[in-house]
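S.K.: sharing a sequence plus its predicted fold:
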Amino acid sequence: MPEPPPPSVVSASRPSFAEVDWPGATLIGAMAVKKPAARNIAANKRARFDYEILESMEAGLSLMGSEVKSLRAGKANISDSYAHVRDGEAWLVGAYIAPYSYSRGGGHDPERTRKLLLHRGEIDRLAGKLAEQGLTLIPLRLYFERGKAKIELGVAKGKRTYDKRRTIREREEKRDMDRAIRHVRRRS
């Protein structure tokens with residue numbers, strides 16, 4: 001039986017399976033490859049403040065070519081948009097995707113209603129939840145995942161003013177506690 005090569009001959013550029021411990025890494029052949037992270041395009045920052053998010057889910061978007069180009073340039077706004085289920089299909093209303101400046105034939109309408117790509121069971125479940133009093137479907141963030149435009153939707157219930165004040169108070173208390181802990185750790 002032949003002897004294994006000495007350690008100096010073994011290539012150090014390829015980690016073994018046991019050495020691959022990066023989060024989100026996979027082993028393809030003999031090479032460890034990091035999976036690309038989802039690239040955020042737009043986020044609805046006020047959503048978590050104005051609404052209590054009960055459940056979130058991912059949906060695809062049916063887009064035109066000029067819309068995809070504009071999204072890759074990062075020109076989108078979902079802060080004033082919402083989604084609803086109509087005639088057994090889910091739709092995104094009020095999302096602004098800026099016109100692509102190099103598009104041919106005028107491009108697209110920036111605020112057109114866009115179809116959301118979901119499975120039939122997901123649409124039916126959403127329709128049942130949205131039928132409840134006071135629940136709505138709001139977009140939380142818009143991103144690319146493996147080259148496809150995706151949107152994270154949240155089934156949400158609107159917060160009242162006193163709930164918003166409580167959220168602010170809790171956030172400030174947490175910030176003060178973290179600051180005090182950092183201060184104590186610095187002194188010791």
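M.R.: Structure's in. What do you need?
S.K.: helices or strands up against the helix or strand harbouring L153?
M.R.: Using DSSP states H and E, L153 maps to strand 148-158. With contacts defined as 3 or more C-beta pairs under 8 Å, 6 or more residues apart in numbering; DSSP states H and E, the secondary structure elements packing on strand 148-158 are helix 47-50, strand 51-61, helix 120-130, strand 135-145. No exception for glycine: its C-beta is placed from N, CA and C like everyone else's.
S.K.: what about the helices in the protein?
M.R.: Remark: helices assigned in the chain by DSSP state H are 47-50, 65-72, 120-130, 161-187.
S.K.: neighbours around the residue nearest to L126 when sequence neighbours are not counted, how many?
M.R.: With C-beta to C-beta, 6 or more residues apart in numbering as the criterion, L126 has its nearest non-adjacent residue at 5.7 Å, and that residue is V85. Neighbour count of V85, defined by other C-beta atoms under 10 Å: 20.
S.K.: cool, and the one 4 residues further on?
M.R.: Neighbour count for E89, taken as other C-beta under 10 Å: 14.
S.K.: list the contacts of it.
M.R.: Residues touching E89, when contacts are defined by C-beta atoms under 8 Å, 6 or more residues apart in numbering, comprise K115, L116, I123.
S.K.: before we move on, back to that, look up the residues forming beta bridges with the residue nearest to L126.
M.R.: Partner residues in beta bridges with V85, using DSSP bridges, are A90.
S.K.: I'd say it and K129 touch.
M.R.: No - in this structure V85 lies outside contact range of K129 using C-beta atoms under 8 Å: 9.6 Å.
S.K.: and stretch 122-142, how far apart are its ends?
M.R.: Distance between the two ends of stretch 122-142: 19 Å, counting by C-alpha to C-alpha, to the nearest Å.
S.K.: in it, what counts as buried?
M.R.: E122, I123, R125, L126, L135, L137, I138, P139, L140, R141, L142 (16 or more other C-beta atoms under 10 Å).
S.K.: if we can go back for a sec, closest to G158 out of the contacts of E89?
M.R.: For G158, the nearest member of the contacts of E89 is L116. The distance, counting by C-beta to C-beta, is 21.1 Å.
S.K.: pLDDT score for that closest one?
M.R.: Confidence per residue is given as pLDDT, and for L116 that number is 96.
S.K.: contact partners for the residue lying closest to it once chain neighbours are set aside?
M.R.: Nearest in space to L116, with sequence neighbours left out and distances taken as C-beta to C-beta, 6+ apart, is A90 at 3.9 Å. With contact set as C-beta under 8 Å, 6+ apart, A90 has these partners: A59, A83, H84, K115, L116, L118, I123, L126, L137.
S.K.: hmm, 7 Å instead?
M.R.: A59, A83, L116, L118, I123, L126 (C-beta atoms under 7 Å, 6 or more residues apart in numbering).
S.K.: try H183
M.R.: With C-beta under 7 Å, 6+ apart, H183 has no contacts at all.
S.K.: could you do L71 as well?
M.R.: The contact partners of L71, by C-beta under 7 Å, 6+ apart, come to I41, I97, A149.
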